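Visitor: prediction below, plus the sequence it came from.
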Amino acid sequence: LIVRGLGPKLAGALVVKADDDRMQSLADIKDKIVVAGDFWALPTYQLQASVAAAAGVNVIQDAKQVHFTSVLPEFGRPGPIDVLLSGQADVAFTADVLLYQHPRLAELR
């Protein structure tokens, strides 16, 4: 799911592993482990949380757990997509540009 905000150049994505069919709608965030880049960043958390809230899901309250990590792996911690692919989370919130540039894009949906 790509979430647009503040113009066409700022978008966030909710990402799951391609072989994981447990996430079919925003409501499925409930009881899942979520990883995001930065609580305050629009494309790595705030856009996705706003769309989820509009669908009746409070990510912080409804998710089993929410981890915040680095927006980019270069900052010394794994990025959200890497945490997802390692099996430590069920869904990742990230900027769409980071999703499309990820070397393991084929493993995601």
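Guide: Sure thing, it's come through.
Visitor: mind checking how far Gln65 is from Ala11?
Guide: Distance of Gln65 to Ala11, given as CB to CB, to the nearest Å: 25 Å. The C-beta positions use only the backbone N, C-alpha and C, and glycine is treated the same way.
Visitor: between those two, which one's more packed in?
Guide: Applying other CB atoms under 10 Å to Gln65 and Ala11 shows that Ala11 carries more neighbours, namely 18 against 12.
Visitor: so that one sits right up against Phe93, yeah?
Guide: No - here Ala11 lies out of contact with Phe93, judged by CB atoms under 8 Å, at a distance of 11.6 Å.
Visitor: for this structure, which segments count as helices?
Guide: Remark: helices assigned in the chain by DSSP state H are 47-54, 59-62, 80-85, 96-101.
Visitor: output the contacting helices and strands for the third one.
Guide: Under the contact definition 3 or more CB pairs under 8 Å, 6 or more residues apart in numbering; DSSP states H and E, helix 80-85 sits against strand 11-15, strand 33-36, strand 91-95.
Visitor: what about 10 Å?
Guide: strand 11-15, strand 33-36, strand 65-68, strand 91-95, helix 96-101 (3 or more CB pairs under 10 Å, 6 or more residues apart in numbering; DSSP states H and E).
Visitor: relative to Leu85, which of the ones you listed is closest?
Guide: Closest approach to Leu85 among the helices and strands packed on helix 80-85 (CB to CB): strand 91-95, 8.6 Å.
Visitor: pairing partners for the closest one, with directions?
Guide: strand 11-15 (antiparallel), strand 33-36 (parallel) (DSSP bridges).
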